[in-house]
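Trainee: Could you work out the structure for the sequence below:
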Amino acid sequence: MISISNLHKKFGKTIALNGVDFNCVQGTVTALMGPNGSGKSTLMKSVLGLVIPDSGKIIVDDADILHGFDYRNKIGYMPQTANYPQNLKVVELFDILKDLRTSETDDELIREFRIKEIYEKKFGQLSGGLKQRVSAAIAFLFNPKILILDEPTSSLDPLSAEIMKSKIHKSKLEGKLILVSSHLVSEVDEIADRLAFMLDGKIVIDKMLAEIRNGNGDVRLGKSIANLLNKI
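Mentor: Residues are numbered from 1 along each chain as shown. Modelled structure (predicted):
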């Protein structure tokens, strides 16, 4: 479980998070949406300890993240842009990660994305789509209880995007907590149970997708979200 209470963060005079209260539970996919600069990535990075909030509290699996970092072993993270050492071969990158962790690995995405075919290539030589495949495989590699995925299908070809969405769905059925950011309403409609929409550092919509549709009398999720935003 992730529990966030009254989270605030400024970068200079820019307010990134403005009193965010937010909870996620196991066995669900929660989608974070909102325009660029709304606070989505800052919120995710705060949970990971990559951004230190100015105030507020974050609890991950009953642990206050300010009191230790062991909780990170339970999280698989996929950044929006993969930025691993450019001179490392892909196989070397995976070997280093496996040396750092002793837990059993989940190699499904390595197989599905045919990553062994690019093992001898340097990470910096890969296309954007191949880097995303490697980044996705790393996020799921150690079978984490919690997955934080920032724009997970960005730059992926249609087949790879379907593989990724299938893996997210399978992980949900395994009881994992999954937090995904996306700009694609169609993608959110396919993979998410719940939507948290951010504006100006605040969560202005926090509802189950079924509730959003039923409450607005519209089958199309995008139209339903627009109707809710017009009422704010």
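
Trainee: Do you have the strands of this structure handy? List them.
Mentor: Assigned by DSSP state E, the chain shows strands spanning 2-11, 14-24, 28-33, 55-60, 63-64, 75-78, 146-150, 177-181, 194-199, 202-208.

Trainee: Just the CA trace of the longest one, in PDB.
Mentor: The C-alpha trace of strand 14-24 is given here as PDB (Å, rounded to 0.1, in the frame of the first residue of the first chain):
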ATOM      1  CA  THR A  14       7.200  26.800  -8.900                       C
ATOM      2  CA  ILE A  15       4.700  24.800  -6.900                       C
ATOM      3  CA  ALA A  16       4.900  21.100  -8.100                       C
ATOM      4  CA  LEU A  17       2.800  19.500  -5.400                       C
ATOM      5  CA  ASN A  18       0.200  21.400  -3.400                       C
ATOM      6  CA  GLY A  19      -1.200  19.300  -0.500                       C
ATOM      7  CA  VAL A  20      -1.600  16.000  -2.200                       C
ATOM      8  CA  ASP A  21      -3.600  13.200  -0.400                       C
ATOM      9  CA  PHE A  22      -3.500   9.900  -2.200                       C
ATOM     10  CA  ASN A  23      -3.700   6.200  -1.500                       C
ATOM     11  CA  CYS A  24      -3.100   3.100  -3.600                       C
END
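
Trainee: quick one: contacts of that strand?
Mentor: Here strand 14-24 makes contact (Cβ atoms under 8 Å, 6 or more residues apart in numbering) with 1-10, 30, 39, 42-43, 46, 53, 56, 177, 179, 196, 200-203, 206. Using the backbone N, CA and C atoms, a C-beta is placed for each residue, glycine as well.

Trainee: what angle separates it from strand 55-60?
Mentor: Counting by axes from the mean of the first three to the mean of the last three Cα atoms, to 10 degrees, strand 14-24 lies at 40 degrees to strand 55-60.

Trainee: Quickly run through the sheet partners of strand 14-24, with directions.
Mentor: Each strand paired with strand 14-24, and its direction, by DSSP bridges: strand 2-11 (antiparallel).

Trainee: ditto for the last one
Mentor: Each strand that pairs with strand 202-208, with its direction, by DSSP bridges: strand 194-199 (antiparallel).

Trainee: show me where pLDDT drops low in the protein?
Mentor: The model of the chain has pLDDT under 70 over residues 215-219.

Trainee: Give me the helices and strands touching the helix ranked longest in it, please.
Mentor: The residue-count maximum for a helix in the chain (DSSP state H) belongs to helix 158-173. Packing partners of helix 158-173 (3 or more Cβ pairs under 8 Å, 6 or more residues apart in numbering; DSSP states H and E): strand 28-33, helix 108-112, helix 128-140, strand 146-150, strand 177-181, helix 185-191.

Trainee: how far off strand 146-150 does that helix point, in degrees?
Mentor: 150 degrees.

Trainee: what sits against the residue nearest in space to the middle of the chain?
Mentor: By Cα atoms, centre = their mean, the chain has its centre lying nearest to L149, at 2.0 Å. Applying Cβ under 8 Å, 6+ apart, we find L149 in contact with 77-78, 136, 139, 168, 178-181.
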